[in-house]
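**Student:** show me the folded form of this:
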Amino acid sequence: MIESATFYTNKLKALKRFYVDLLELDVVEQSEGQMTFRVGESEVTFKETEQPAFYHFAFNIPGNQFSMMKYFIKDRLSLNWEDGRDEVYFSSFNADSMYFEDPAGNIVELIGRRKRDLFGDLTKESFLNISEVGIVTPDVEGVGEQLLDAGIPLRKGTDIHPDELNFLGRGDTYIVLVPPGRRWYFSKKASEVYPLEMYWNGKKIGIDSDGKWLK
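**Tutor:** Okay, the predicted model is just below:
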């Protein structure tokens, strides 16, 4: 499980309005230059920086509330499109996804897990936890080996592919490890290197601004 993830942004105020006012998530901590909000069992922190940055990350939502969540999102903002559609079903994950961008250009995915249900009205509790975090680095093999050493397994196979998208994790929580320059699905943006940190089952992992593993 990803307990927390920290990203960087030059649009902190706009992101607070987006996640708190628009998506109605709770702020759990706020101080000069940073904000943390809750996503179910996880927390997301944005730290202010002078340089722009964007990331790909995803939140799990109940599969039976996917349509309700889509209506909720479309009433507030525009969804991203790919091949003439604004949602997609991934049979290998048994999950439905929709995508949108926040004011900083982060590519946010909501993943409806068909084996996870939550009955009742749509609320902030419908955001279950962080599902995915994209790590972009020119050293895909090196960072991948560090992730494996940290106990985060490859989803398929045994080898990290330096020029491809690699999924590491299990269940409904993954790190998406990619090189720079790969177009993000449901986006026109190519992946770029930015620093980030996260806690995965109590272990701190992350990369610096050059895409190097944090020691």
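
**Student:** from here on, just use CA atoms for contacts and neighbour counts.
**Tutor:** Fine.

**Student:** need the contact partners of stretch 11-18.
**Tutor:** 33, 34, 35, 46, 47, 48, 52, 102, 103, 104 (Cα atoms under 8 Å, 6 or more residues apart in numbering).

**Student:** nearest to residue 23 among those?
**Tutor:** Set against residue 23, the nearest of the contacts of stretch 11-18 by Cα to Cα is residue 102 (10.6 Å).

**Student:** number of nearby residues for the closest one?
**Tutor:** 14 (other Cα atoms under 10 Å).

**Student:** contacting residues for it?
**Tutor:** Neighbours of residue 102 in contact, by Cα under 8 Å, 6+ apart: 15, 18, 108.

**Student:** what residues sit buried inside the helix or strand hosting residue 16?
**Tutor:** Residue 16 is located in helix 12-16, with elements delineated by DSSP states H and E. Residues 12, 15, 16 are the ones in helix 12-16 that count as buried (16 or more other Cα atoms under 10 Å).

**Student:** per-residue pLDDT, residue 156?
**Tutor:** Listed pLDDT for residue 156 reads 83.

**Student:** revised request: answer the last question for residue 21.
**Tutor:** The model's pLDDT for residue 21 equals 94.

**Student:** go on, the one 4 residues further on?
**Tutor:** Per-residue confidence for residue 25 comes out at a pLDDT of 97.

**Student:** burial measure for residue 55, as a count.
**Tutor:** Neighbours of residue 55 using other Cα under 10 Å come to 24.

**Student:** measure the closest residue in space to it that isn't next to it in sequence to residue 174 for me?
**Tutor:** Counting by Cα to Cα, 6 or more residues apart in numbering, the nearest residue to residue 55 once its immediate chain neighbours are dropped is residue 106, at 4.8 Å. The gap separating residue 106 from residue 174 is 17 Å, by Cα to Cα, to the nearest Å.
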